[in-house]
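S.K.: what's the 3D shape of this:
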Amino acid sequence: MGENRRISKDEYFMNIAREVARRSTCTRRQIGAIIVSEVGEIKSTGYNGNPRGMPHCSETECIRDSLGIPSGTMMETCTAVHAEQNALIQAGTNARNGTMYVTIVPCPICARMIINAQIRRVVYLGDYSDKRGLELLKQVGIEIAQLDLDEG
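M.R.: Residues are numbered from 1 along each chain as shown. Alright, predicted model coming up:
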């Protein structure tokens, strides 16, 4: 019989963030984020996709794909709101002192928003070539952890 171990809180919340990512309408990558209070209450969720009222890339065509823009470049061309941004907007001041679980390293713009929202800890899953967001978070003393969800 296999070992039945209880997953950690970080694993629990990251699995929820991964499920939230499945709501994304981006055709390039599906990102999810959740903000959890100091006592473990989920304050908000967010996934990446176009702003309210705009057609989704999954319904039309990704502007970056149509222009042949390589991944990781000319990010400003993308019309999507990032998962972290959506989670912060939904949480408002309830984000303060919370932990953000996000399925990829936050970009520098999201990192600045995380800093100003006074998030105290960021747990991320996937790596990304641009680490400037992590450097910003470290610079102001936000606790950072990369989670490895071994599916074994």
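
S.K.: CA atoms for contacts and neighbours, from now on please.
M.R.: OK.

S.K.: for the protein, what's the longest helix?
M.R.: In the chain, assigned by DSSP state H, the helix with the most residues is helix 9-21.

S.K.: and it, what does it pack onto?
M.R.: With contacts defined as 3 or more Cα pairs under 8 Å, 6 or more residues apart in numbering; DSSP states H and E, helix 9-21 has these neighbours: strand 32-36, strand 42-47, strand 99-104.

S.K.: would you map the helices across this protein?
M.R.: With DSSP H as the criterion, the chain has helices spanning 9-21, 63-66, 83-91, 108-116, 132-139.

S.K.: looking at these, which is buried most?
M.R.: Mean neighbours per residue, mean count of other Cα atoms under 10 Å, is largest over the helices of the chain for helix 83-91, with a mean of 23.

S.K.: list the contacts of the longest helix of the chain.
M.R.: Residues outside helix 9-21 that contact it (Cα atoms under 8 Å, 6 or more residues apart in numbering): 30-34, 45-48, 101-103, 123, 125, 147, 149.

S.K.: re earlier: and the helices of the chain: which comes nearest Val39?
M.R.: Nearest of the helices of the chain to Val39, taken as Cα to Cα: helix 9-21 at 11.2 Å.

S.K.: and the helices and strands packed on helix 9-21 as a markdown table, adding distance to Tyr12?
M.R.: Formatted as a markdown table, the helices and strands packed on helix 9-21 follow (distance: least, Cα to Cα, whole Å):
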| stretch | distance to Tyr12 |
| --- | --- |
| strand 32-36 | 11 |
| strand 42-47 | 11 |
| strand 99-104 | 10 |
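
S.K.: related to what we said a few turns ago, need the helices of the chain in CSV (columns: mean pLDDT and distance to Asn97).
M.R.: Listed next are the helices of the chain as CSV, based on pLDDT from 0 to 100; distance: least, Cα to Cα, whole Å:
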stretch, mean pLDDT, distance to Asn97
helix 9-21, 98, 16
helix 63-66, 80, 35
helix 83-91, 97, 12
helix 108-116, 97, 10
helix 132-139, 96, 14
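
S.K.: could you dump the ones you listed into a markdown table with distance to Arg52 added?
M.R.: Output for those, formatted as a markdown table (distance: least, Cα to Cα, whole Å):
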| stretch | distance to Arg52 |
| --- | --- |
| helix 9-21 | 17 |
| helix 63-66 | 17 |
| helix 83-91 | 11 |
| helix 108-116 | 19 |
| helix 132-139 | 26 |
